[in-house]
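> give the three-dimensional model of this entry:
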Amino acid sequence: TKALGSGILRIGGTDQKQYTYDMNSQDACISCACGKDGIMTKSYWESILNFCKEINRTLVFGLATEDDEAMSNATALLNASENEKNANVIKAYTFGNEQSSDPIEQGMKIKALKENFPYLKIWAPDTGIGPIHDYTEPLLIGDENSLDHIVYFTNYTHHNQHLLDGATFHTYDFRAYAINGTDRDTLYWPPDDKNFSRFYCVPYLTIWDRILDRLEALVPHDLPLYLSETDSINHGGLHNVTDTFANSLWLAFRLGRASRRQRLGLMARQTLVGYQYALLQNQSSLTWFPTVDYFTTRLFRNLLDTAFAAIDINSTDSSKLSAFGFCLSADIVLLLISHDETETIDVSLDDFLLLDTLEKNFSQSRLDFILAPNWQGDPSDPSRYKLTAASATLNGIALSDPFVNFTELATLSNYKNKIHLEPLTFGLFQFPIQTTTAAVLCSNEHHEQHEKR
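Numbers count the residues shown, from 1 in each chain. Predicted coordinates for the structure are as follows:
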């Protein structure tokens, strides 16, 4: 957690409904397990707050609010928390998890809490919204009707706009069966082209953007939007996918798309260690390990944490290559993602019309950070097999040290050299430039799309 840098720690989800709070008890908290009742004791709650202080993170905590008893318990927890000592630790509370209750009743509960705790920050309703895809085509479907959930989310946020400090929602792109897997279990081997290819198919992955378009249009414009829970596959993920390189290919694309969203202030995920809610499983039977997503997240944080704008860049064939640009104070970082399963892609800066704009201002070099599956099988295996590698390489060097210094592994290249991306891999490319040029490039008049014709 320290290695990931400062930020927000979110504790919440389905099992927050199972918890009661006993702020009179100094007993140790019973180890949690998925689907089991638990008691948040005062001593354990204080240990969480101290942990956040130690790792330099603010906390978003999911309150249980289902009935009168839960509300009474929540009030007791807030009495023990909302004080000057914790003012810089607790960012906000989410109000229930994946709410579907009457927005008016929910508003009355929030109002009552805010009257007692004037500085209380509430994010809600943590609604679960598509996209979740079918076998045949990407649709907004699932056990729930996602369109109904958008209507609920819209009604909730409009009715309670004056009480909320943020509007939160959850999305997952796939159910396990959609890519030929078993829910809460594993991917069938070998991964077949018909199903598994959806995992890196751009038309499927960009359904998420349609969801965001709707939310941004419907939710009150002065209310921040927070994606408070997300991943590729729902129910905690799928072995051989969520805990492999495949998920990071998905993650890189999602982070690139999310960076274009001015209103999206947070994207919270849960597969940095193991998979299938690893932190909630029986510790004696599970080995925790940093997934490829962990290293990907760290690399993004290291290179892009101070980015102040995103450049909208299109590639010549968006079905084969995705490109995203980021402006920092003295760098421009280019994210390139290959969606091509069979062919290596050669990329030149000229493909994005960047050379014309920046050629005189580069330091004549760039740093390359290319991530690929650390495949231990037959090198001639299809690329979709290699996606299921449990570890990754950075510029050909296997990643295993959780505290690895990425800069030491970077490849120094001439900025004009072509970039070679192997099938279904991705890379970040850092170009040091003059600060004034970065500011010009990222000014409003440069936010239009650049496309090589």
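> find the nearest non-adjacent residue to Cys201, please.
His339 (7.3 Å; CB to CB, 6 or more residues apart in numbering). Every residue, glycine included, has its C-beta placed from N, CA and C.
> show the backbone phi and psi for the one you found.
With angles defined as degrees, to the nearest 10, His339 sits at phi -110, psi 10.
> and the gap between it and Thr388?
17 Å (CB to CB, to the nearest Å).
> next: Asn56.
For Asn56, the distance to Thr388 - CB to CB - is 35 Å.
> could you check which of those two is surrounded by more residues?
Comparing Asn56 with Thr388 by other CB atoms under 10 Å, the one with more neighbours is Thr388, at 22 against 11.
> confirm that that one sits in a strand.
No - judged by DSSP: H, G, I helix; E, B strand; the rest coil, Thr388 forms no part of a strand; its state is coil.
> show the pLDDT at it.
For Thr388, the pLDDT comes out at 95.
> and the gap between it and Trp375?
With distances taken as CB to CB, Thr388 is found 9 Å from Trp375.
> how near is Gln430 to Val333?
As defined by CB to CB, Gln430 lies at a distance of 5 Å from Val333.
> what sits in contact with each of Thr388 and Trp375?
With CB atoms under 8 Å, 6 or more residues apart in numbering applied, the contact sets of Thr388 and Trp375 do not overlap.
> contacts only, for Gly62.
By CB under 8 Å, 6+ apart, the residues touching Gly62 are Arg10, Ile11, Gly12, Gly13, Gln16, Tyr93, Thr94, Gly96, Asn97, Asp126.
> and the helix or strand harbouring it, which strands flank it?
Gly62 is located in strand 57-63, with elements delineated by DSSP states H and E. Strand 57-63 sits in its sheet next to strand 7-11 (parallel), strand 90-95 (parallel), going by DSSP bridges.
> can I get the first one in PDB? Just the C-alpha atoms.
Once non-C-alpha atoms are left out, strand 7-11 reads as follows in PDB (Å, rounded to 0.1, in the frame of the first residue of the first chain):
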ATOM      1  CA  GLY A   7      -4.400   8.400  -2.300                       C
ATOM      2  CA  ILE A   8      -7.700   7.000  -1.100                       C
ATOM      3  CA  LEU A   9      -8.400   3.700   0.600                       C
ATOM      4  CA  ARG A  10     -12.000   2.500   0.200                       C
ATOM      5  CA  ILE A  11     -13.400  -0.100   2.600                       C
END
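> quick one: contacts of that strand?
1, 48, 52, 55, 57-62, 91, 94, 228-229, 266, 268, 301.
> now do the longest one
Outside strand 90-95, the residues that touch it by CB under 8 Å, 6+ apart are 8, 10, 12, 49, 58-63, 65, 78, 81-82, 106, 109-110, 120-126, 165-166, 168, 228.
> where exactly do the strands run in the stretch 351-453 of the chain?
Residue ranges of the strands in the stretch 351-453 of the chain, as given by DSSP state E, counting those that start in this stretch, are 365-373, 392-394, 397-398, 411-414, 419-421, 426-432.
> rebuild the ones you listed as TSV, extending it with mean pLDDT, mean neighbour count and distance to Asp305.
Listed next are these as TSV, based on pLDDT from 0 to 100; neighbours: other CB atoms under 10 Å; distance: least, CB to CB, whole Å:
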stretch	mean pLDDT	mean neighbour count	distance to Asp305
strand 365-373	95	21	14
strand 392-394	98	22	18
strand 397-398	98	12	23
strand 411-414	92	12	21
strand 419-421	95	18	23
strand 426-432	92	22	13
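> Leu223 is nearest to which of the ones you listed?
Leu223 lies closest to strand 426-432 among the strands of the stretch 351-453 of the chain, at 32.1 Å (CB to CB).
> re the thing from before, comparing the strands paired with strand 57-63, which comes out most buried?
strand 90-95 (a mean of 24; mean count of other CB atoms under 10 Å).
> in this structure, which helix or strand is least confident?
Across the helices and strands of the chain, mean pLDDT, DSSP states H and E gives its lowest value to helix 435-441, namely a mean of 52.
> distance check, Lys2 against Phe51.
Between Lys2 and Phe51 the distance is 11 Å, computed by CB to CB.
> just Asp173 next, same as before
Going from Asp173 to Phe51 by CB to CB gives 31 Å.
> and for Glu98?
According to CB to CB, Glu98 and Phe51 sit 26 Å apart.
> and the two? Which one has more around it.
Using other CB under 10 Å, the more surrounded residue of Glu98 and Phe51 is Glu98, with 18 against 14.
> who's in contact with the more buried one?
Listed by CB under 8 Å, 6+ apart, the contact partners of Glu98 are Thr14, Pro125, Asp126, Thr127, Gly128, His170.
> wait, a helix at it?
No - going by three-state DSSP, the assignment for Glu98 is coil, not a helix.
> tell me the confidence at it?
Model confidence at Glu98, given as pLDDT, is 86.
> ok, Ser25 to Pro118 distance?
According to CB to CB, Ser25 and Pro118 sit 27 Å apart.
> same check on Asn395?
52 Å.
> export the helix or strand Ile211 falls within to PDB, keeping only CA atoms.
Following DSSP H and E, one finds Ile211 within helix 207-218. Extracted in PDB, the C-alpha atoms of helix 207-218 (Å, rounded to 0.1, in the frame of the first residue of the first chain):
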ATOM      1  CA  ILE A 207     -19.800   0.400 -23.900                       C
ATOM      2  CA  TRP A 208     -18.500   1.800 -20.600                       C
ATOM      3  CA  ASP A 209     -18.200   5.100 -22.300                       C
ATOM      4  CA  ARG A 210     -21.800   5.100 -23.300                       C
ATOM      5  CA  ILE A 211     -22.700   4.600 -19.600                       C
ATOM      6  CA  LEU A 212     -20.500   7.500 -18.600                       C
ATOM      7  CA  ASP A 213     -22.100   9.700 -21.300                       C
ATOM      8  CA  ARG A 214     -25.500   9.000 -19.900                       C
ATOM      9  CA  LEU A 215     -24.500   9.600 -16.300                       C
ATOM     10  CA  GLU A 216     -22.700  12.800 -17.100                       C
ATOM     11  CA  ALA A 217     -25.800  14.100 -19.000                       C
ATOM     12  CA  LEU A 218     -28.300  13.000 -16.400                       C
END
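> I'd like the next helix or strand past it.
Later in the chain than helix 207-218, the nearest helix or strand by DSSP H and E is strand 225-233.
> ok now that following strand, how far from the chain's centre?
Relative to its chain's centre, strand 225-233 lies at 6 Å (CA atoms, centre = their mean, to the nearest Å).
> check stretch 202-209 too.
Distance, centroid of stretch 202-209 to centroid of chain: 15 Å (CA atoms, centre = their mean).
> tell me what whatever helix or strand Ser43 lives in is packed against?
Using DSSP H and E, Ser43 sits within helix 42-54. Packing partners of helix 42-54 (3 or more CB pairs under 8 Å, 6 or more residues apart in numbering; DSSP states H and E): strand 57-63.
> on contacts alone, who are the packing partners of the next helix-or-strand element following the strand it packs on?
Sequence-wise, the next helix or strand downstream of strand 57-63 (DSSP H and E) is helix 68-79. When contacts are defined as 3+ CB pairs under 8 Å, 6+ apart, helix 68-79 sits against strand 19-22, helix 103-116.
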